[in-house]
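1. 3D, please:
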Amino acid sequence: MDANFGLTADDYAKYRAGFPDAFFERVFADGYVKPNASLLDLGTGTGTLARGFAGRGCRVTGADRSEQMIQQAKELSLAQGLDVDFRVAAAEETGLPDSSFDIVTAGQCWHWFDRPRAAGDVKRILKPNGMVIIAHFDWLPLKDNIVDLTEKLVLKFNPDWEKFAGGFGMYPQWLRDLGEAGFENIVTFSFDMDAPYTADAWRGRMRASSGVAASLSVEDVSRFDSELKQLLEEKFQARAGSDAVLPIPHRIFAVIARSPSA
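-> The predicted model follows:
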């Protein structure tokens, strides 16, 4: 399935809030990231991960192949008073100098890359003993919960999205990617939490997904959104315009590895 996230950049910027504070607290507490580290965020999108690290004292560059996403990232960074060097570049061939970063991150995007090529370029641009962090913040579809029913609605409009549905928020294949690229000391962590959404925010979040506005026609996006609005009202008593919070179950998962010392 082809997805053009540039088509949904506005909803992406507004409704995909990115990783929660708990993720940043964990990687700093465990010593994987330190203030003043030079950090490259691949597939940065609207820069949620990049801004999170910049706001915690890292010197951050964000790269994404979508010009629309980079423009949104620049505007959001400026609004927050953060200094992030955003640039249009593919993860597989960033064009950045060898051994130039302490840390490379990839949040919610590794599956979109040519993974062997991306891992090779990450290894090239990391300093010796540098860290790579591949992270996810995935919703959890449990039987008949709000996520499960929403995913079924996406599949009604976009059957090609099937390989992205029904996930459990864990990606053991990323360990193989890094191991085969020569990374060392590979570790993982995961934990679950609820993310709060209003009905309007959940609709916006779903429009910003790969299976909806990034790959459907404008007409189908509108029809999907209308049916999701009806689903939220009928099944979960969540009405448009309400401030009532829907707790959406999520799982944070991260793979961390070290580049060779020489």
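
2. quick check, central residue of this structure?
-> Within the chain, one residue has its C-alpha closest to the average C-alpha position: by C-alpha atoms, centre = their mean, that is residue 108, at 2.8 Å.

3. helices of the stretch 1-150 of the chain, residue ranges please.
-> Residue ranges of the helices in the stretch 1-150 of the chain, as given by DSSP state H, counting those that start in this stretch, are 9-15, 21-29, 48-54, 67-79, 115-125, 146-157.

4. and after the last one, which helix or strand comes next?
-> The one in question is helix 146-157. Downstream of helix 146-157, the next assigned helix or strand under DSSP states H and E is helix 173-180.

5. what are the contacting residues of the helix or strand following that following helix?
-> If you walk from helix 173-180 toward the C-terminus, the next helix or strand you reach (DSSP H and E) is strand 184-197. Outside strand 184-197, the residues within contact range by C-beta atoms under 8 Å, 6 or more residues apart in numbering are 20, 22, 26, 30, 137, 139-140, 169-170, 175, 178-179, 205, 245-260. Using the backbone N, CA and C atoms, a C-beta is placed for each residue, glycine as well.

6. tell me the strands beside strand 184-197, with direction?
-> For strand 184-197, the pairing partners within the sheet under DSSP bridges are strand 246-258 (antiparallel).

7. quick one: the strand it pairs with to chain centroid distance?
-> Once both centres are worked out by C-alpha atoms, centre = their mean, to the nearest Å, strand 246-258 turns out to sit 10 Å from its chain's centre.

8. what's the average pLDDT for that strand?
-> Per-residue pLDDT values across strand 246-258 average out to 97.

9. next, the buried residues of that strand.
-> Buried positions in strand 246-258, judged by neighbour count with 16 or more other C-beta atoms under 10 Å: 246, 248, 249, 250, 251, 252, 253, 254, 255, 256, 257, 258.

10. present these as TSV; the columns should include distance to residue 225.
-> Written out in TSV, the entries for these read as follows (distance: C-beta to C-beta, whole Å):
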residue	distance to residue 225
246	16
248	17
249	22
250	22
251	26
252	27
253	29
254	32
255	34
256	37
257	40
258	44
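
11. between the residues you listed, which is nearest residue 128?
-> For residue 128, the nearest member of these is residue 258. The distance, counting by C-beta to C-beta, is 9.3 Å.

12. for that closest one, give me its contacts.
-> With C-beta under 8 Å, 6+ apart as the criterion, the residues that contact residue 258 are 129, 130, 131, 132, 183, 184, 185.

13. give me the buried entries from those.
-> By the neighbour-count criterion of 16+ other C-beta under 10 Å, those include these buried positions: 130, 131, 132, 183.

14. report the beta-bridge partners for the closest residue to the second one other than its chain neighbours.
-> Translated: residue 131. On the basis of C-beta to C-beta, 6 or more residues apart in numbering, the spatially nearest residue to residue 131 that is not a chain neighbour turns out to be residue 103, at 4.9 Å. Applying DSSP bridges to residue 103 gives these bridge partners: residue 39, residue 131.

15. low-confidence ranges, this protein, go.
-> Counting by pLDDT under 70, the chain has low-confidence residues at 1-17, 262.

16. for it, longest helix please?
-> Secondary structure assigned by DSSP state H gives helix 218-236 as the longest helix of the chain.

17. what does that helix contact?
-> With C-beta under 8 Å, 6+ apart as the criterion, helix 218-236 contacts 146, 149-150, 153-154, 156-158, 199, 202-203, 206-207, 212-213, 216, 238-240, 246.

18. buried subset of these, written for PyMOL?
-> Taking 16+ other C-beta under 10 Å as the burial criterion, the selection of buried members of these in PyMOL is written as:
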select buried, resi 146+149+150+153+154+157+158+199+202+203+206+207+212+213+216+238+246
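
19. check contacts around the closest residue to residue 24 other than its chain neighbours.
-> With C-beta to C-beta, 6+ apart as the criterion, residue 24 has its nearest non-adjacent residue at 5.5 Å, and that residue is residue 52. Residue 52 is in contact with 18, 19, 23, 24, counting by C-beta under 8 Å, 6+ apart.
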